[in-house]
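Visitor: Okay, here's the prediction I keep looking at, along with the sequence it came from:
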Amino acid sequence: MTEAEIIALPEAGGSCQVQWRRSSRARRVSLRICPRQGAVVVVLPPQAARRAGLALLRANGPWVLARLSALAPANKLLDGGRVMLGGRDCIIRHDPAAAGAALDGDGIVLGGAAADLPGRVVDFLRAEARRRIGVLAARHGQALAVQPAAILVKDTRSRWGSCAPDGTLAFSWRLVMAPDWVLDYAVAHEVAHLREMNHSARFWAHVSRLTPHRNAAAAWLRTHGPTLLRVG
């Protein structure tokens, strides 16, 4: 169950969008910031009353409003706007006569109707993510003598990548906007799970062997990841 509403926080001098979620796995009322929606998410255990979540929200009002105001502006992917690809700033160019979508110098040129432009940009980035991730997964898989059962590209909310017990790897398409060496780390991380389904010393040794810049890449995602979630 997910509901959304605007709630005033007079004690903090503002208001915010709140998404209410009830979770059977939650043991206590909690809240977190959702960069993708620019909202605060309040999670309620099955038997918790909404007033308990409201009390927690108001008690943390200044922190909530400060975190929300610190988010990067939403990037709606409009004509003339910009989007990152492999860490490089690209201009979005709409050309109704263009067939499909293609990189052209410092821009991404896309055809079709103007109203469809944001979705077409996302489709282009997803396809590019699938292509680049496939190349990296094959290279890292060969280095570790493993092969994923399948590779999925999704729009995940909380994780950049995952490895299922059956060997299926899944990645957020938004990683394609990060610098190439950050994407390389994300793919190497999940491929290494095909050898070690844990975060043991052996696992991290595999990751370091595949991508020696893992610490810098992880730090980049912690710092800049919320900006990627504001795109689209």
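Guide: Cool, the structure landed.

Visitor: Excluding residues flanking it in the chain, which one is nearest residue 177?
Guide: Counting by Cβ to Cβ, 6 or more residues apart in numbering, the nearest residue to residue 177 once its immediate chain neighbours are dropped is residue 84, at 4.1 Å. Placement of C-beta: from N, CA and C, glycine included.

Visitor: Give me the contacts around the host helix or strand of that neighbour.
Guide: According to DSSP states H and E, residue 84 maps onto strand 82-85. Contacting residues not belonging to strand 82-85 are listed as 75, 77, 89-92, 103, 108, 121, 125, 128, 176-178, 228, 231 [Cβ atoms under 8 Å, 6 or more residues apart in numbering].

Visitor: How about that strand, which residues are buried there?
Guide: Going by neighbour count (16 or more other Cβ atoms under 10 Å), the buried part of strand 82-85 is 83-85.

Visitor: likewise stretch 71-81?
Guide: Quick answer for stretch 71-81 (16+ other Cβ under 10 Å): 71, 75, 77, 81.

Visitor: Looking at the residues you listed, spot the one nearest residue 216.
Guide: Among those, residue 71 lies closest to residue 216 (Cβ to Cβ), at 23.3 Å.

Visitor: Is the closest one in contact with residue 65, as I believe?
Guide: No: the pair residue 71 and residue 65 does not pass the contact test of Cβ atoms under 8 Å, sitting 11.1 Å apart.

Visitor: got a list of what the nearest residue to residue 98 once chain neighbours are set aside touches?
Guide: In space, residue 98 comes closest to residue 111 once its chain neighbours are excluded; the distance is 3.5 Å by Cβ to Cβ, 6+ apart. Residues near residue 111 by Cβ under 8 Å, 6+ apart: 94-101, 120.

Visitor: about what we covered before: need the CA coordinates for the strand holding residue 84. CSV is fine.
Guide: Below are the C-alpha coordinates for strand 82-85, written out as CSV (Å, rounded to 0.1, in the frame of the first residue of the first chain):
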residue,chain,number,x,y,z
ARG,A,82,21.2,18.1,-20.8
VAL,A,83,21.8,14.6,-19.6
MET,A,84,25.0,12.7,-18.6
LEU,A,85,26.1,9.6,-20.6
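
Visitor: Each with direction, which strands does it pair with?
Guide: strand 88-94 (antiparallel) (DSSP bridges).

Visitor: distance between the partner strand and the chain's centre?
Guide: 20 Å (Cα atoms, centre = their mean, to the nearest Å).

Visitor: now swap in stretch 148-156 and tell me
Guide: Between the centre of stretch 148-156 and the centre of its host chain there is 13 Å, according to Cα atoms, centre = their mean.

Visitor: Not counting it itself, show me its contacts.
Guide: Residues contacting stretch 148-156 (Cβ under 8 Å, 6+ apart): 126, 129-130, 133-134, 137, 141, 162, 166-174, 191, 194.

Visitor: Among those residues, name the ones in helices.
Guide: 126, 129-130, 133-134, 137, 141, 191 (DSSP state H).

Visitor: Separate out the buried members of these.
Guide: Listed as buried from the ones in helices among the contacts of stretch 148-156 are 126, 129, 133, 137, 141, 191; burial here means 16+ other Cβ under 10 Å.

Visitor: Could I get the contacting residues of the nearest residue to the second one once chain neighbours are set aside?
Guide: By that I understand residue 129. Among residues not flanking residue 129 along the chain, residue 176 sits closest, at 3.7 Å (Cβ to Cβ, 6+ apart). Listed by Cβ under 8 Å, 6+ apart, the contact partners of residue 176 are 85-86, 125-126, 128-129, 132-133, 183.
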